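Asks: Mind looking at a prediction? Sequence and model below.
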Amino acid sequence: MKRLLAILLITAGCAGSSSFTINVTGSGPFSGSIMVIRDGKSEQRSVDGTAPCSYNETGPLLSVSFQKKQTSGTLGVDISKDGQSVASQSTSAEYGVVTAATQ
């Protein structure tokens, strides 16, 4: 796993940047993290919000993970790269987690 991450970091450092829109869908509160590679370095930040909402990021590689803060409802994530949907996931599980990554 460490080798794979190192390869992704090296590859991402050589790739061009893309514009990402992270759309969090569903309803209700969530928390999670957004990780972006910029200039060969990983930048991660924690987020708390209420779906639906969106975030904009720029970089060659993006990874997100969000968790529902309630037992009911749904939570989803859709990542668009340069206007095209490239990764998505949703859950209706109690305190469910959604993850998505793209480059």
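Replies: Cool, got the structure.

Asks: what's downstream of the least confident helix or strand in the chain by mean pLDDT, the next helix or strand?
Replies: One helix or strand of the chain scores below all others by mean pLDDT, DSSP states H and E: helix 2-14, with a mean of 40. Following helix 2-14 in sequence order, the next helix or strand is strand 18-38 (DSSP states H and E).

Asks: residues contacting the residue positioned nearest the centre of the chain?
Replies: Nearest to the mean C-alpha position of the chain, by CA atoms, centre = their mean, lies Val64 at 2.3 Å. By CB atoms under 8 Å, 6 or more residues apart in numbering, the contact set of Val64 is Ile22, Gly32, Ser33, Ile34, Met35, Val77, Ile79, Thr99, Ala100, Ala101. Backbone N, C-alpha and C define where each C-beta goes, glycine included.

Asks: Find me the pLDDT at it, would you?
Replies: As summarised for this prediction, Val64 has a pLDDT of 98.

Asks: re the thing from before, I'd like the contacts of Val64 as JSON lines, with neighbour count, pLDDT and distance to Cys53 appended.
Replies: Listed next are the contacts of Val64 as JSON lines, based on neighbours: other CB atoms under 10 Å; pLDDT from 0 to 100; distance: CB to CB, whole Å:
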{"residue": "Ile22", "neighbour count": "20", "pLDDT": "98", "distance to Cys53": "9"}
{"residue": "Gly32", "neighbour count": "20", "pLDDT": "98", "distance to Cys53": "12"}
{"residue": "Ser33", "neighbour count": "14", "pLDDT": "98", "distance to Cys53": "15"}
{"residue": "Ile34", "neighbour count": "18", "pLDDT": "98", "distance to Cys53": "12"}
{"residue": "Met35", "neighbour count": "16", "pLDDT": "98", "distance to Cys53": "18"}
{"residue": "Val77", "neighbour count": "23", "pLDDT": "98", "distance to Cys53": "11"}
{"residue": "Ile79", "neighbour count": "22", "pLDDT": "98", "distance to Cys53": "14"}
{"residue": "Thr99", "neighbour count": "15", "pLDDT": "98", "distance to Cys53": "17"}
{"residue": "Ala100", "neighbour count": "18", "pLDDT": "98", "distance to Cys53": "15"}
{"residue": "Ala101", "neighbour count": "14", "pLDDT": "96", "distance to Cys53": "19"}
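
Asks: Having no further points to raise, I will conclude here.
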